[in-house]
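> structure here, sequence nowhere to be found:
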């Protein structure tokens with residue numbers, strides 16, 4: 001449930017913290033963000049230090065309204081304006097040439113800046129009260145599972161983040177779609193809730209894949225969004241077989257699937273996330289965090305269905321597993337262990 005608004009005194013305290021260079025965790029419709037004053041390089045660097053994030057990995061600047069774009073972008077091409085008018089406020093991030101005043105600490109040293117207008121009412125309250133841009137990655141340690149609830153933020157950081165605005169569970173649950181508008185041809189750099197088909201309905205020329213020289217953007221590492229427990233992706237037809245082989249010696253296995261199990265196994269913890277892509281996405285990180293705490297030695301994820309509606313989920317899962325842990329054909333567990341070591345592969 002999304003909290004409609006917070007008491008103004010809570011927002012005022014968070015605004016004051018931002019102005020004093022502190023870090024504030026706040027909700028968006030996608031995931032919770034770890035925010036700092038985007039015009040304060042020292043505060044921005046504290047975000048990197050707290051997350052353990054490489055300095056070359058850019059942040060997204062959150063603004064209240066597209067009217068503020070000119071403060072952050074050197075040029076706003078017509079395609080960017082068209083996308084902003086259609087999808088803002090909402091789960092779309094636009095990559096543009098940075099204005100000279102935008103510090104390189106925010107952009108990961110690049111001449112581009114990632115910007116979005118979040119739709120969450122609490123994020124809007126905070127941005128309106130602050131009156132400037134808030135640079136914010138997801139509120140978790142670098143590379144870990146993203147947070148969609150306030151308790152996830154507390155689990156990650158404890159008392160290191162003193163101000164956490166509770167806006168309830170995130171409505172979408174996956175990070176924003178990212179589109180680069182810095183070249184003649186706009187490009188989809190990260191899939192999200194807004195699909196390529198929806199983008200092309202507004203700007204038909206949007207390309208569906210990054211170019212070799214596309215800007216670096218959040219969440220583009222090969223290994224990302226990962227639980228602490230080793231995670232592998234298995235075909236639906238062989239899922240129970242893999243579970244049976246891995247639990248034969250009494251080890252516990254956790255499973256995230258789109259269906260109930262076909263056979264019982266006392267050594268497995270099974271989460272049925274269902275076959276609706278939007279509902280699966282909303283609960284994905286909750287499910288991964290739950291399974292990560294189950295005491296299992298492995299997390300097995302059933303391959304999700306094909307189709308554009310699942311592209312963002314598929315992207316996050318493949319990054320959480322890393323390439324060598326994606327099992328797309330009938331698995332021979334003994335052969336996989338011989339090749340990769342103990343388990344279905346090393347992350």
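Alright, I've got the coordinates. Computed from a prediction, not measured in an experiment: that's the story for all the values here. Numbering: from 1, shown residues only.
> where's residue 151, which helix or strand?
When elements are assigned from DSSP states H and E, residue 151 belongs to helix 150-157.
> the helix or strand just after that helix pairs with which strands, and in what direction?
Remark: after helix 150-157, the chain's next helix or strand is strand 163-164, criterion DSSP H and E. If you go by DSSP bridges, strand 163-164 pairs up with strand 24-26 (parallel).
> in this protein, which spans are strands?
Ranges of strands within the chain are 24-26, 33-37, 60-62, 92-97, 112-116, 134-135, 163-164, 177-180, 187-190, 231-234, 253-257, 268-272, 298-302, based on DSSP state E.
> just checking, what packs against the helix holding residue 151?
Applying 3 or more Cβ pairs under 8 Å, 6 or more residues apart in numbering; DSSP states H and E, one finds that helix 150-157 makes contact with strand 24-26, strand 163-164, helix 277-292. The way it works is simple: take the backbone N, C-alpha and C, and place the C-beta from them, glycine included.
> quick one: that helix to helix 277-292, angle?
40 degrees (axes from the mean of the first three to the mean of the last three Cα atoms, to 10 degrees).
> quick one on the thing from earlier: as CSV, the strands of the chain with distance to residue 215 would be great.
Output for these, formatted as CSV (distance: least, Cβ to Cβ, whole Å):
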stretch, distance to residue 215
strand 24-26, 25
strand 33-37, 20
strand 60-62, 12
strand 92-97, 5
strand 112-116, 4
strand 134-135, 16
strand 163-164, 30
strand 177-180, 6
strand 187-190, 7
strand 231-234, 28
strand 253-257, 32
strand 268-272, 35
strand 298-302, 30
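> mean neighbour count and distance to residue 149 added to these, as a markdown table?
Listed next are the strands of the chain as a markdown table, based on neighbours: other Cβ atoms under 10 Å; distance: least, Cβ to Cβ, whole Å:
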| stretch | mean neighbour count | distance to residue 149 |
| --- | --- | --- |
| strand 24-26 | 27 | 11 |
| strand 33-37 | 29 | 13 |
| strand 60-62 | 27 | 19 |
| strand 92-97 | 25 | 22 |
| strand 112-116 | 27 | 21 |
| strand 134-135 | 28 | 20 |
| strand 163-164 | 18 | 11 |
| strand 177-180 | 26 | 22 |
| strand 187-190 | 22 | 22 |
| strand 231-234 | 24 | 20 |
| strand 253-257 | 24 | 17 |
| strand 268-272 | 18 | 16 |
| strand 298-302 | 25 | 19 |
